[in-house]
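Chemist: The sequence and its predicted three-dimensional model are supplied below.
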Amino acid sequence: MNIATLKSRPDLQEGSKTGEVYSQFSKLIDELRTRDLPNKVIEDINSEVDKLNDTPSDKLKNAVRKSQTRILRVVERETKVVPINYYRNLWIALGMAAFGIPIGVALGTSLGSMAYLALGLPIGMSIGIAVGTNLDKKAKTEGRQLEFDIKN
């Protein structure tokens, strides 16, 4: 089973946000074509591509972003294949929430001023970046990383 072809959109202006997002999505589809994906994943991708092919240009930017997110989520869940810096971006937020806030609360409580709560956030962010970067390196060495980076 093959991945559907994305419709050419000559009406999109070069350099516009919509054009950049659409071009990035096209690169994602091209990268996914190089992978051996299960039929269920290909069906989900084709469904999203068909939706985008039917979407008018004025509503395309948000539709592309939603479809890209859905496709990446399905591919990650079913095949464990992720884009570049996927885990780093995920763990920045997790590190701040799971480590930074508790560390900040502990600092604020022990030092008697909750103003120190804010010190925990960069500590948690640093922990998140370290964990995420290590997971990204592991994914790359295992061949589970797409040659694709989410920019827009």
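Modeler: Yes, it's here. Since this is a predicted model, take the numbers as computed values, not measurements.
Chemist: Please, which helix or strand holds Ser67?
Modeler: helix 60-79 (DSSP states H and E).
Chemist: List of residues touching the helix or strand following that helix?
Modeler: Where DSSP H and E defines the elements, the next helix or strand beyond helix 60-79 is strand 82-84. Residues from elsewhere that reach strand 82-84 (C-beta atoms under 8 Å, 6 or more residues apart in numbering): 28, 72, 75-76, 136, 139, 144-150. From N, CA and C alone the C-beta is placed, and that goes for glycine too.
Chemist: redo that, cut-off 6 Å
Modeler: With contact meaning C-beta atoms under 6 Å, 6 or more residues apart in numbering, strand 82-84 is reached by 76, 139, 146, 148-150.
Chemist: Separate out the buried members of the residues you listed.
Modeler: By neighbour count, with 16 or more other C-beta atoms under 10 Å, those hold 76, 139, 146, 148 as buried.
Chemist: Show me those residues that map onto helices.
Modeler: 76, 139 (DSSP state H).
Chemist: quick check, nearest of the buried ones among the contacts of strand 82-84 to Thr55?
Modeler: Comparing the buried ones among the contacts of strand 82-84 against Thr55 with C-beta to C-beta places Phe148 closest, at 21.4 Å.
Chemist: Would you confirm that that closest one contacts Ser26?
Modeler: No. Counting by C-beta atoms under 6 Å, Phe148 does not reach Ser26; the two are 10.8 Å apart.
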